[in-house]
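Q: could you look at this predicted model? Sequence included:
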Amino acid sequence: MATTFHDALSRLRKTRVWKSIFRRGPALTNRTRSLAVFGNLFLHFLPVKVREKSLRVRATYYLGSISFLLFVILSITGVLLMFYYHPAVPQAYRDMKDLRFVVSNGVFLRNLHRLAAQLMVLAVFMHLFHVFYRGGYKPPHEFNWVVGVILLLVTLFLSYTGYLLPWDQLAFWAITVGTNIISAMPVLGKYVRFQLLGGNLVGENALLRFYVLHCVVLPLAAVLFIAVHFWRVQKDGGLTAKGEDGRKED
Amino acid sequence: MADSDKQGANGGAPDAQGDVNRRDFLNEITFAALGMAAMGSAVVTYRYLSPNVLFEPPTKFRAGSPDLYPINTVTYLPEQQVYIVRTPDGFYAVSAVCTHLGCITQWKPEADQIACPCHGSKFKPDGVKIEGPAPAPLPHFLITLTLDGELQVDKLETVKINQAFKV
């Protein structure tokens, strides 16, 4: 079985299609392994090599990876939820109810999206606390710390805009209260509130605006800043360039 | 011919008299034009995002005949989010929107109070603040009488808190 599988794999590797996709041979040496990372769009902004020490749980508690994994889960479940959701009054509330009680596995996807969203806020906060207490904001990581803070804000805005979409009483009053807090901002407050709601009260325009922000604008911003964040981790010397005792390793 | 050669040679280098050579001048004028276009785009996009027509409840509404409201009662009009309060002095139209963060307050006849369910602000029936995080009393709106004798409330016009409307 094993030999047949390996034979099939080695035959596959000799085909023209395989060679056109993976230009290098099998990653048998450090050089070819590095080239495999460099030559891959999805891997090239990740570190080529990682210290064994920084893969220990204590080094990062995997909090950044957990945040990213939750973002991936939220993207997939979010797109699936969009197939049944109309951002309109009062259809939005009915669609949310349909997702819970009528659509096959709808309640699973909705709850997965909801819980992953709440966990993501928690994970991102814990990630930032961890980085902060380990001094991960110090040179040469200042820029990536700022990118991380931007990603925290994007996460919070995603959470807040998603809050309105079920269009129930909780959503309505949470957004009423939240946007009134925004309007307390000096000078610009009431204009920001008007633009965000597309009116003077939480209504159809507000629902549509929050939907567009939640499903298009903020996820695109998140993907962009996540890419910069990962790429910068690599440029700044890989995961946890400092040793566990806090001293620089190299 | 010799003239144009001379100009060409001068094009890339700073001029003897002036500070700006041709390349810098063209760069600056190009970026200035692009900058103005970008600012213009930002302005028209902002205008685009500000709706001109809003499908929101009208701010001026009729509250029916004064006889509908007995003396010493508080009546909540849910469509308009306004309390019509009638005292022996006359009528008040009190906003039901909490001055703290915009929740809708509730009239509690057993306590003779208007209470906010969100953060616990409490008001007297005439909107005066009793307690809670609300920074201000509930505003009073202007009441007028229409020609056919109905009360009309204008939510864009506020009046003093002790200014009752007498019929």
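A: It's in. Note that the structure is predicted; figures quoted are calculated from it, not measured.

Q: so what strands line up beside the longest strand anywhere in chain B?
A: Secondary structure of chain B per DSSP state E: the longest strand is strand B:151-159. Sheet pairing of strand B:151-159 (DSSP bridges) gives strand B:60-64 (antiparallel), strand B:140-145 (antiparallel).

Q: so for the first one, what's the average pLDDT?
A: Strand B:60-64 shows an average pLDDT of 90 in the prediction.

Q: okay, buried residues for stretch A:149-157 please.
A: Neighbour-count burial for stretch A:149-157 flags A:150-152, A:154-155, A:157 (criterion: 16 or more other CB atoms under 10 Å in any protein chain shown). Just so you know, the C-beta spots here come from the backbone N, C-alpha and C atoms, and that holds for glycine as well.

Q: pull the helix or strand with minimum mean pLDDT from chain A.
A: Ranked by mean pLDDT, DSSP states H and E, the weakest helix or strand in chain A is helix A:57-60, scoring a mean of 78.

Q: chain center to the next helix or strand after that one: distance?
A: Toward the C-terminus, helix A:57-60 is succeeded by helix A:63-82 as the next helix or strand (DSSP states H and E). The chain centre lies 6 Å from the centre of helix A:63-82; the measure is CA atoms, centre = their mean, to the nearest Å.

Q: what do you get for stretch A:141-150?
A: With CA atoms, centre = their mean, you get 15 Å for stretch A:141-150.

Q: for stretch A:165-184, same thing?
A: On CA atoms, centre = their mean, the centre of stretch A:165-184 falls 24 Å from the chain's centre.

Q: flag every buried residue along that stretch.
A: By neighbour count on 16+ other CB under 10 Å, the buried set for stretch A:165-184 is A:165-167, A:171-180, A:183.

Q: stretch A:116-123 too?
A: In stretch A:116-123, residues buried by neighbour count (16+ other CB under 10 Å) are A:116-117, A:119-121, A:123.

Q: ranking the strands paired with strand B:151-159 by burial, who's on top?
A: strand B:140-145 (a mean of 18; mean count of other CB atoms under 10 Å in any protein chain shown).

Q: how far does that strand sit from its chain's centre?
A: Here strand B:140-145 shows a centroid-to-chain-centroid distance of 19 Å under the convention CA atoms, centre = their mean.

Q: please export the C-alpha coordinates of that strand as PDB.
A: Provided in PDB are the C-alpha atoms of strand B:140-145 (Å, rounded to 0.1, in the frame of the first residue of the first chain):
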ATOM      1  CA  HIS B 140     -40.400  69.400  26.500                       C
ATOM      2  CA  PHE B 141     -41.600  69.900  23.000                       C
ATOM      3  CA  LEU B 142     -43.700  72.700  21.600                       C
ATOM      4  CA  ILE B 143     -47.500  72.100  21.700                       C
ATOM      5  CA  THR B 144     -49.800  74.100  19.400                       C
ATOM      6  CA  LEU B 145     -53.500  73.700  18.600                       C
END
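
Q: give the rounded mean pLDDT of that strand.
A: 92.

Q: what comes into contact with it?
A: With CB atoms under 8 Å, 6 or more residues apart in numbering or on different chains as the contact definition, strand B:140-145 has outside contacts at B:63, B:66, B:82, B:91-95, B:126-127, B:151-155, B:157-161, B:163, B:165, B:167.

Q: narrow these to just the buried residues.
A: Of the contacts of strand B:140-145, these count as buried by 16+ other CB under 10 Å: B:63, B:66, B:82, B:91-95, B:126-127, B:151, B:153-155, B:159, B:165.

Q: out of those, which comes closest to A:K138?
A: For A:K138, the nearest member of the buried ones among the contacts of strand B:140-145 is B:S95. The distance, counting by CB to CB, is 52.0 Å.

Q: hey, what's the closest one bridged with?
A: Counting by DSSP bridges, B:S95 is bridged to B:V82.

Q: wait, what's in contact with it?
A: By CB under 8 Å, 6+ apart, the contact list for B:S95 reads B:81-83, B:127, B:138-141, B:155.

Q: those helices in chain B, which residues are they?
A: Assigned by DSSP state H, chain B shows helices spanning B:2-11, B:22-49.

Q: so A:F71 touches A:L218, yeah?
A: No. Taking CB atoms under 8 Å as the definition, A:F71 is not a contact partner of A:L218, at 11.2 Å.

Q: what's the offset of stretch B:21-29 from the middle of its chain?
A: For stretch B:21-29, the distance to the chain centre is 46 Å (CA atoms, centre = their mean).

Q: dump it to PDB, keeping only the CA atoms.
A: These are the backbone C-alpha positions of stretch B:21-29, laid out as PDB (Å, rounded to 0.1, in the frame of the first residue of the first chain):
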ATOM      1  CA  ASN B  21      13.800  73.000 -12.500                       C
ATOM      2  CA  ARG B  22      11.400  71.700 -15.100                       C
ATOM      3  CA  ARG B  23      11.200  68.200 -13.700                       C
ATOM      4  CA  ASP B  24      10.400  69.300 -10.200                       C
ATOM      5  CA  PHE B  25       7.900  71.800 -11.500                       C
ATOM      6  CA  LEU B  26       6.100  69.200 -13.500                       C
ATOM      7  CA  ASN B  27       6.200  66.700 -10.500                       C
ATOM      8  CA  GLU B  28       4.800  69.300  -8.100                       C
ATOM      9  CA  ILE B  29       2.000  70.400 -10.500                       C
END
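
Q: mean confidence score for that stretch?
A: Mean pLDDT, stretch B:21-29: 93.

Q: one more: stretch A:220-227?
A: Per-residue pLDDT over stretch A:220-227 has a mean of 96.

Q: who touches A:F42 in this structure?
A: With CB under 8 Å, 6+ apart, A:F42 has no contacts at all.

Q: what backbone torsions are found at it?
A: Main-chain torsions, A:F42, degrees, to the nearest 10: phi -80, psi -20.
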